[in-house]
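[1] Need a 3D model of the following:
(chains A and B)
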Amino acid sequence: MNQLNTYLYIAAILFSIGIFGVMTRRNGIAVLMGVELILNAANINFIAFSKYGGMNFDGHVFALFIIVLAAAEAAVALAIVINIYNNLNTINVDEASAIKQ
Amino acid sequence: MIENIYIQNSLIILFLPLVAFVIQIFIGKRLPRQGDWISISAIVTTLILSLYMFVSMLQGYDSNFTQEWSFKWINMGSFVVELGVLVDNVTIIMLTVVTLVSTCTHIFSTKYLEGDIRYSRYFAYLGLFTFSMNGIVLSNNLMSMYMFWELVGVSSYLLIGHWFEKDSAANASKKAFLTNRVGDIGFFIGIMLIFNAIGSFAFTDIFNGVSAGKIAGTTLTFAGVGLFLGAMGKSSQFPLHIWLPDAMEGPTPVSALMHAATMVAAGVYLTFRIFPLLTPDALLVVAYIGGITAIFAASIAITQNDIKKVLAYSTVSQLGYMILAVGTGVYTAAFFHLLTHAMFKANLFYGSGSVIHAMHHALHEKHDHETDPQDMRNMGGFRKSMPITYWSMLLSTMAIAGVPLFSGFLSKDAVLAGTLSFAQQNPNHFLLPVFGFGAAAITAFYMFRMMFMTFHGKSNMPDLMPDIHESPKEMVGPLFLLGTLSLYIWYTLPYLNPFSTHGWFTDLVVPLDSAVPGNPTAKAIDDGAHHAHHLAMYLSIGVAFAGIGLSILMYLTNVLSAKNWKSRFGVLYDLSLNKYYFDENYNKYLYQPTLNLARKIAWIDWELYDKYFINGFGRVTSWLSKISGKLDFDLIDQILVDGSAKIANLMGLALKKVQSGKIQNYLLYVTASVIILMIVQSF
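    Numbers count the residues shown, from 1 in each chain, chains lettered A, B, ... in the order given. Down below sits the predicted model:
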């Protein structure tokens, strides 16, 4: 039980750092890094529950899906960031407000 | 459906003229000859059917012959009103008279109204009239009789006002209609009194109810007098006689058909039909009204100079005779006089029409539009130029004057015998035969005066004489036919004795006993009349020849000067010439007060009711609507409607700030809400 708690704490810390990063950073890349942290915090939770909580292989399968999803997300997001950089000459997410009134 | 041949025939006779009316009124103008052949063929068909029924009636020779057919008109639970037709000998005779005179009128009119601007409409109205008159004759109940009664009034109104461009014609038609309304109110009250007591409109039910005593005494007297009031209006009895002389403004064939032969006889026919329910008191009223009318109208006719006015007052007087006969109980004599009078009076009107036609033509040739073609003072000496008109009119004049060998003698004699016998049994009422015989003498006098002034002596306008010609054959044909029917022989068959009191008529039309207890039986009346017959006959021949003799002395041989007599009886002459100032007095004491009252009521209506009530109502409404408008605008619009919009606006402004567009902010909200939710959940 204690071991599970340890994993959960670590996951919570990672999640909090990720959220913090997403909320505070203006740099698009940094925001993406925060998102990766959040996804990986979730992964740790899945793995921890599959080992100690009785999710068994379901947890593994979820973790694998999330990794694939994270990779795809990173690819798309980086492409967007590169496009923003190409158009606006910045990767600051606040600057990309052309469709805002 | 309806098996009986008599009922079938009578329904065809009833509705055929209506069909002609509908066709004429809608498409008559576009047909060749303006469609008069439609009306004529319809009316000739009805005449043939009537004659067929007449002949089979004579073959049957059954005085009790009756056929009745009715249908339910209103059927609401226990309230059932049946309308229907009644065919008996009286109906068949009456139908024959109506269709015969109507046929003659149609044929006569084709020439008399040739080139008239409303030629087709005129024939349409004749059809409407014939339909309504046949309806009155055929009704077996008071309700449908009343309906047809009104229809007759309408067609009379339309035909009197045929030349409505003339003010006098328009006024005459109005007067005829309104005067008839006065009588019709009485008629309606009478019907309702009877229906209230008996619960049926059919004559047979009513007579049974009266004999059973369901209605009696004063109520029955009032009902009878009410019904008679309707007859007074239609038959132009004193004091409702004023419309008939004015009705002469209509075309002359119309006067012959409606205002001499048939329509005015409807009143007599009604009193004839309702005779069994008249109480002794009601009969006295009837008798006195009739008697007064007879002598009163005759005394006016003496001094009239308009040929049609003479005939009109003579009609009123003869109708008075018939009513007098009903009142004294010899009501089959009344019907007999109706029949003979229809023939000779229609003929006299055709004759006058023929004369007026000739006068009109002659005046037209002279381009004289001032001279009155109906004034007898402009005539004289037409005998040679218009022989057929003269001779046929002379036959009818003999008949109306009561000369033996002519039809009028027989019927007038029967009436006078009844009156005389009534006075013998009730010596208090000695005035009734005095009225009767007096009127007979005066009638003989003025009818021959008319004949002498028109046809004898020298012409008063000699320059017209070359243009006075006999009328075309369409006009002299009816004259010839009806002139022949003024002879006695047609009415006494199968007997040939010209003084006979019996004939097919008296054999087939037998009086019913009165349903009212206290009235003498039909047999008693008949016996009384029979006893008085000889005296009445001598007296009536005497007065007729006295009248004729006086007329010859005054107007043919000029032994007595009419001028001297006129000045000798100056006051009476003026009274008679001015029709006893009836129109003037009615105007002064009846019309003007009514008009004044109407004006006062109109003043109240305009000045008080409209000004204060209606306008006040408008003002209050407008004031109220102003308040409600203010409420709507200031309260509902400003506060409720605009208020909710403002609130929505404010809330939008407040919430707008949340939508910053910064993704981090949203994420912060999400995270914060999740944390709050978790905290809330953990409690």
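[2] And the helix or strand where residue B:596 lies, what does it pack against?
    Counting by DSSP states H and E, the element that carries residue B:596 is helix B:592-603. Helix B:592-603 is packed against no helix or strand, with contacts defined by 3 or more Cβ pairs under 8 Å, 6 or more residues apart in numbering or on different chains; DSSP states H and E. (C-beta placed from N, C-alpha, C; glycine too.)
[3] how much distance is there from it to the middle of the chain?
    Per Cα atoms, centre = their mean, to the nearest Å, the displacement of helix B:592-603 from the mean C-alpha position of its chain is 28 Å.
[4] cool, and stretch B:153-169?
    A distance of 13 Å separates the centroid of the chain from that of stretch B:153-169, by Cα atoms, centre = their mean.
[5] near chain A, which residues of chain B?
    B:661, B:662, B:663, B:664, B:667, B:668, B:671 (Cβ under 8 Å from any Cβ of the partner chain).
[6] Neighbours of the second one, how many?
    This means residue B:662. Counted by other Cβ atoms under 10 Å in any protein chain shown, the residues lying close to residue B:662 total 15.
[7] per-residue confidence for it?
    The predicted structure scores residue B:662 at 75 on the pLDDT scale.
[8] mind checking how far it is from residue A:95?
    Distance, residue B:662 to residue A:95, using Cβ to Cβ, to the nearest Å: 12 Å.
[9] follow-up on the earlier one: show the average pLDDT along the next helix-or-strand element following the helix holding residue B:596.
    Downstream of helix B:592-603, the first helix or strand assigned by DSSP H and E is helix B:615-630. Predicted confidence along helix B:615-630 averages 92 (mean pLDDT).
[10] Any stretches of the chain with poor pLDDT?
    Let's take chain A. Counting by pLDDT under 70, the low-confidence segments of chain A come to A:1, A:99-101.
[11] Chain B, not that one
    B:1-2.
[12] Stretch B:447-467: which residues count as buried?
    B:447-457, B:461, B:464 (16 or more other Cβ atoms under 10 Å in any protein chain shown).
[13] How about stretch B:632-646?
    Along stretch B:632-646, no position meets the burial threshold by neighbour count (16+ other Cβ under 10 Å).
[14] Now find how far off-centre that stretch is within its chain.
    71 Å.
[15] first to last residue in it, what's the distance?
    From the first residue to the last, stretch B:632-646 extends over 18 Å; the measure is Cα to Cα, to the nearest Å.
[16] what sits opposite the residue of the stretch 51-200 of chain B found nearest chain A in the beta ladder?
    Relative to chain A, the nearest point of the stretch 51-200 of chain B is residue B:76 (78.9 Å; Cβ to the nearest Cβ). Taking DSSP bridges, one finds residue B:79 as the beta-bridge partners of residue B:76.
[17] That one - how many residues pack around it?
    7.
[18] Work out the gap between stretch B:433-450 and the centre of the chain.
    The chain centre lies 25 Å from the centre of stretch B:433-450; the measure is Cα atoms, centre = their mean.
[19] Which positions within it qualify as buried?
    For stretch B:433-450, the neighbour count (16+ other Cβ under 10 Å) marks B:433, B:435-450 as buried.
[20] Can you tell me which of the residues of chain B next to chain A are buried?
    residue B:664.
[21] Let me have the residues of chain B next to chain A in CSV, adding distance to residue B:103 and secondary structure as columns.
    Output for the residues of chain B next to chain A, formatted as CSV (distance: Cβ to Cβ, whole Å; DSSP: H, G, I helix; E, B strand; the rest coil):
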residue, distance to residue B:103, secondary structure
B:661, 106, coil
B:662, 111, coil
B:663, 110, helix
B:664, 114, helix
B:667, 112, helix
B:668, 114, helix
B:671, 114, helix
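[22] The residues of chain B next to chain A into CSV, with extra columns for distance to residue B:105?
    Below are the residues of chain B next to chain A laid out as CSV (distance: Cβ to Cβ, whole Å):
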residue, distance to residue B:105
B:661, 104
B:662, 109
B:663, 109
B:664, 113
B:667, 111
B:668, 112
B:671, 113
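[23] Stretch B:47-55: how far from the chain's middle?
    Relative to its parent chain, stretch B:47-55 has a centroid offset of 25 Å by Cα atoms, centre = their mean.
[24] Give me the phi and psi angles of the residue nearest to residue B:470 when sequence neighbours are not counted.
    Nearest residue to residue B:470 in three dimensions, chain neighbours excluded: residue B:386, at 4.9 Å (Cβ to Cβ, 6 or more residues apart in numbering or on different chains). Here is the backbone geometry of residue B:386 (degrees, to the nearest 10): phi -130, psi 70.
[25] so residue B:386 sits right up against residue B:354, yeah?
    Yes - using Cβ atoms under 8 Å, residue B:386 makes contact with residue B:354 at a distance of 6.8 Å.
[26] Now for these two: what residues contact both?
    Jointly contacting residue B:386 and residue B:354 under the rule Cβ atoms under 8 Å, 6 or more residues apart in numbering or on different chains are B:470, B:471.
[27] So between the two, which is more surrounded?
    Each of residue B:386 and residue B:354 has its neighbours counted (other Cβ under 10 Å); residue B:354 has more, 28 against 23.
[28] Tell me which residues touch the more buried one, please.
    B:386, B:389, B:470, B:471, B:475, B:476, B:479.
[29] Nearest to chain A among these?
    Relative to chain A, and with distances defined as Cβ to the nearest Cβ, the nearest of those is residue B:475, at 104.2 Å.
[30] For residue B:9, which residues are in contact?
    If you count contacts by Cβ under 8 Å, 6+ apart, then residue B:9 has B:49, B:52, B:53 around it.
[31] redo that, cut-off 10 Å
    With contacts defined as Cβ atoms under 10 Å, 6 or more residues apart in numbering or on different chains, residue B:9 is in contact with B:46, B:48, B:49, B:50, B:52, B:53, B:56, B:87, B:92, B:95.
[32] would you say it is within a helix?
    Yes - inclusion of residue B:9 in a helix is indicated when DSSP: H, G, I helix; E, B strand; the rest coil is applied.
[33] separation between it and chain A?
    The spacing between residue B:9 and chain A, counted by Cβ to the nearest Cβ, to the nearest Å, is 98 Å.
[34] Check residue B:221 too.
    103 Å.
[35] Can you give me the neighbour number for that residue?
    Each residue near residue B:221 was counted by other Cβ under 10 Å, and the total is 19.
[36] Now do the contacts for the residue lying closest to residue B:148 once chain neighbours are set aside.
    Residue nearest to residue B:148 in three dimensions, not counting chain neighbours: residue B:135, with 3.3 Å by Cβ to Cβ, 6+ apart. Taking Cβ under 10 Å, 6+ apart, we find residue B:135 in contact with B:14, B:15, B:17, B:18, B:85, B:144, B:145, B:147, B:148, B:149, B:151, B:152.
[37] Chain neighbours aside, what residue packs nearest to the first one?
    Nearest residue to residue B:14 in three dimensions, chain neighbours excluded: residue B:134, at 4.8 Å (Cβ to Cβ, 6+ apart).
[38] May I ask which helix or strand encompasses that neighbour?
    In this structure, residue B:134 is located in helix B:119-138 according to DSSP H and E.
[39] Report the buried residues of that helix.
    B:119-138.
[40] on that earlier part again, not counting its own residues, what contacts the helix holding residue B:596?
    Helix B:592-603 is contacted by residues B:586, B:587, B:605, B:609 when judged by Cβ under 10 Å, 6+ apart.
[41] now the third one: how far from residue B:594?
    In this structure, residue B:605 lies at 16 Å from residue B:594, with Cβ to Cβ as the measure.
[42] And the strands in chain B, which stretches?
    In chain B, the strands defined using DSSP state E lie at B:66-76, B:79-88.
[43] about what we covered before: so between residue B:605 and residue B:594, which is more surrounded?
    The residue with more neighbours, out of residue B:605 and residue B:594 and counting by other Cβ under 10 Å, is residue B:605; that gives 14 against 10.
[44] Overlap in contacts, residue B:662 and residue A:95.
    residue A:26.
[45] Near chain B, which residues of chain A? Just list them.
    Where chain A comes near chain B, counting by Cβ under 10 Å from any Cβ of the partner chain, the residues are A:16, A:19-20, A:22-26, A:31, A:34, A:93-94, A:96-97, A:99-101.
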